[in-house]
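**Student:** Predicted model and sequence follow; I will ask about them next.
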Amino acid sequence: DIQMTQSPSTLSASVGDRVTITCRASQSISSWLAWYQQKPGKAPKLLIYKASTLESGVPSRFSGSGSGTEFTLTISSLQPDDFATYYCQHYSSQAVTFGPGTTVDIK
Amino acid sequence: QITLKESGPTLVKPTQTLTLTCTFSGFSLTTSGVGVGWIRQPPGKALEWLALIYWNDDKHYSPSLKSRLTITKDTSKNQVVLTMTNMDPVDTATYYCAHRLVNMGDVFDIWGQGTMVTVSS
């Protein structure tokens, strides 16, 4: 089974900061990676799929990059609405695996 | 507009079988490429994928839970049902159903609100 890790587990940042979250796969997953944002008590929201494709309606300050085993989610200028937990997700023809999450909180 | 809503018991006893229903609207599970998945989240913990059913009745399960899970669909009622046998307190979680982003792989673009299930005697 493919394992997903994320770093850091928690990130403290200020409004306007550039924020980068890393997701690593235990083996190559090509570009089969998605990113979700989740706020407390709410369902996750899809941000990015296929490593770098922005979901419709998601602000352009969010971007994704990477392929193989290392991926990044970047928020170019953190906004108050962006304080949340972010999950990466690998998807293949047979299984889905989520990462452990990265919480972005207020510095 | 696509919507999904989970329903089922809020409390189950250890060893019992959990049955959850996802009732959806705005799409059909007879349309090529469409799928519905189940994902759960224990309190304060990460998301865990459970199962996925496709328009062609293909089914995929989490390897670690496969022996306990069954996913089915009723296209006439626009429902997907997940059963999980032999429930344990560690299965206490919020259970979500979600719509698969058509033809983009098993990515979930629309989620239900989730339903909290507690396993306790």
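**Tutor:** Looks like it came in fine.

**Student:** List the contacts of the most centrally placed residue in chain B.
**Tutor:** For chain B, the residue nearest the mean C-alpha position is B:Trp38 (2.6 Å; Cα atoms, centre = their mean). Contact analysis of B:Trp38 by Cβ atoms under 8 Å, 6 or more residues apart in numbering or on different chains lists B:20, B:22, B:49-52, B:71, B:80, B:82, B:95-98. In short, each C-beta sits where N, CA and C put it, glycine included.

**Student:** Can you give me the neighbour number for the nearest residue to A:Thr97 once chain neighbours are set aside?
**Tutor:** With Cβ to Cβ, 6 or more residues apart in numbering or on different chains as the criterion, A:Thr97 has its nearest non-adjacent residue at 4.7 Å, and that residue is A:His90. By the criterion of other Cβ atoms under 10 Å in any protein chain shown, A:His90 has 25 neighbours.

**Student:** And A:Pro100, by the same measure?
**Tutor:** 17.

**Student:** Quick check, it in contact with A:Thr5.
**Tutor:** Yes: contact status for A:Pro100 versus A:Thr5: in contact at 6.9 Å, counting by Cβ atoms under 8 Å.

**Student:** quick one: A:Phe83 and chain B, what's the gap?
**Tutor:** For A:Phe83, the distance to chain B equals 17 Å [Cβ to the nearest Cβ, to the nearest Å].

**Student:** Same question for A:Thr22.
**Tutor:** The value you get for A:Thr22 to chain B, if Cβ to the nearest Cβ is used, is 16 Å.
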